[in-house]
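Enquirer: got a sequence here, can you model it:
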Amino acid sequence: MDTSEKNVITSLDVARHAGVSRSAVSRTFTPGASVAPATREKVLASAKALGYQVNMIARTMNKGSSNFVGVVTAGFDSAFRASLLSPIAHSLSRRGLMPLLMNADDPAQLEQSLHALLSYQIAGVILTSASPPLSVVQHYLDRQIPVAMINRGHELAGAEVVGSDNRAGGRMAADALLKGGARRLAFVGQGAHNFSSRERWLGFSQRLAEVGVEAQTVFNETPGYQGGMQALLALFSQGEGPDAIFCATDMLALGVMDALRFTLHLQVPQQVQVIGFDDIAQAAQLAYDLTTVRQDSVQLAQRAVGAIVARGENFMRVAEFEPVPVTLIERGTTKIQK
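Expert: Okay, the predicted model is just below:
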């Protein structure tokens, strides 16, 4: 035997050391499995003493399924999508599941990445708002792999949909700007086909229509901060420009604010009020102090993970959609009159 080889500690070694059966060791390291507390303590103590680590790949091959859940996202420069990853990982961990993160930004790598997820015999897939095309998602559903989509439309039978109450957030923004005395309102969205942007615009425009007001609208294909700056300059390129702007994301709003202040030399909120959506960390910084509509990323994550687990237990179940409530966070970019 090659003495350079490391001794690999197996579950059988742990069982012998603890004086229990090999199946007891397996149950101890299987989330949700039944095992007596005393037996569990013995196994964990022996595993620690021997330096035992569960071989998840081998377990996957033996069971035909795994505890891995694919988390597919795009736009890692999106502060809100990034804020979802931690609560998703935490919620998965609490249920004995582990995330496998896949980047959907590169179309050339997307198909390869999705096939890689299948090779891990994943227990489910969670998709964030910008990833990936629905045609790709269908491959998972065809294999009866549970799918949960965050802030996506109800466009795919068999997929769970979890989302914020985007329309309610749009209505909140409209009311706040109107209460602040706004008369010339505008909406800045992120891509004409972006589901969340459309929903927020619908809530905003419908509320304004109820009081006989029509808003200028710009859907900019450039995402984030740069998109906000471009949209703001477009709004002011003809005529007087708006005195209040609702942005579909905080990053758009930050770009709008900087273009107002540093390019057009207008005061916020004295001359132009601004509201964002998400409540990312930058929104609360003194440099912006942005009024925004807060999404509850923890609730979104918990519901997405819960939906995956429920669908795994009953793949044919009828999904029920209940939007996650949003909250208006009033800061210094609006003139809300009490």
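
Enquirer: list the residues that contact Val272.
Expert: Contacts were defined as Cβ atoms under 8 Å, 6 or more residues apart in numbering; by that measure Val272 touches Gly241, Pro242, Asp243, Ala244, Ile245, Leu260, Leu266. C-betas here are computed from N, CA, C, even on glycine.

Enquirer: for Val72, which non-adjacent residue is closest in space?
Expert: Closest residue to Val72 apart from its sequence neighbours, by Cβ to Cβ, 6 or more residues apart in numbering: Met102 at 4.6 Å.

Enquirer: hang on, the one you found in a strand?
Expert: Yes: counting by DSSP: H, G, I helix; E, B strand; the rest coil, Met102 is part of a strand.

Enquirer: which SSE is immediately downstream of the helix or strand bottoming out on mean pLDDT in the chain?
Expert: Every helix and strand in the chain was compared by mean pLDDT, DSSP states H and E; the lowest is helix 56-63, with a mean of 54. Following helix 56-63 in sequence order, the next helix or strand is strand 68-73 (DSSP states H and E).

Enquirer: where exactly do the strands run in this protein?
Expert: 68-73, 98-103, 124-127, 147-150, 160-162, 185-190, 216-220, 244-247, 273-278, 291-294, 327-329 (DSSP state E).

Enquirer: would JSON lines of these with mean neighbour count, distance to Ala319 and mean pLDDT be doable?
Expert: Below are those laid out as JSON lines (neighbours: other Cβ atoms under 10 Å; distance: least, Cβ to Cβ, whole Å; pLDDT from 0 to 100):
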{"stretch": "strand 68-73", "mean neighbour count": "24", "distance to Ala319": "17", "mean pLDDT": "88"}
{"stretch": "strand 98-103", "mean neighbour count": "16", "distance to Ala319": "22", "mean pLDDT": "86"}
{"stretch": "strand 124-127", "mean neighbour count": "26", "distance to Ala319": "13", "mean pLDDT": "92"}
{"stretch": "strand 147-150", "mean neighbour count": "26", "distance to Ala319": "9", "mean pLDDT": "93"}
{"stretch": "strand 160-162", "mean neighbour count": "23", "distance to Ala319": "5", "mean pLDDT": "94"}
{"stretch": "strand 185-190", "mean neighbour count": "26", "distance to Ala319": "27", "mean pLDDT": "96"}
{"stretch": "strand 216-220", "mean neighbour count": "18", "distance to Ala319": "29", "mean pLDDT": "94"}
{"stretch": "strand 244-247", "mean neighbour count": "32", "distance to Ala319": "30", "mean pLDDT": "98"}
{"stretch": "strand 273-278", "mean neighbour count": "29", "distance to Ala319": "25", "mean pLDDT": "98"}
{"stretch": "strand 291-294", "mean neighbour count": "26", "distance to Ala319": "25", "mean pLDDT": "98"}
{"stretch": "strand 327-329", "mean neighbour count": "16", "distance to Ala319": "25", "mean pLDDT": "98"}
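
Enquirer: so what's the residue nearest to Val72 up against?
Expert: Gly70, Val71, Val72, Thr73, Ser113, Leu114, Ala116, Leu117.

Enquirer: in the protein, which spans are helices?
Expert: Along the chain, counting by DSSP state H, helices occupy 11-18, 22-28, 37-50, 56-63, 79-94, 107-119, 134-142, 166-179, 195-210, 224-235, 250-258, 297-313.

Enquirer: give me the angle between the last one and strand 98-103.
Expert: When you say that, I think you mean helix 297-313. 110 degrees (axes from the mean of the first three to the mean of the last three Cα atoms, to 10 degrees).

Enquirer: one step back: closest one to Val35 among the strands of the chain?
Expert: With Cβ to Cβ, the closest approach to Val35 among these belongs to strand 98-103: 20.1 Å.

Enquirer: ok, the closest one: who's next to it in the sheet?
Expert: Using DSSP bridges, the strands paired with strand 98-103 are strand 68-73 (parallel).
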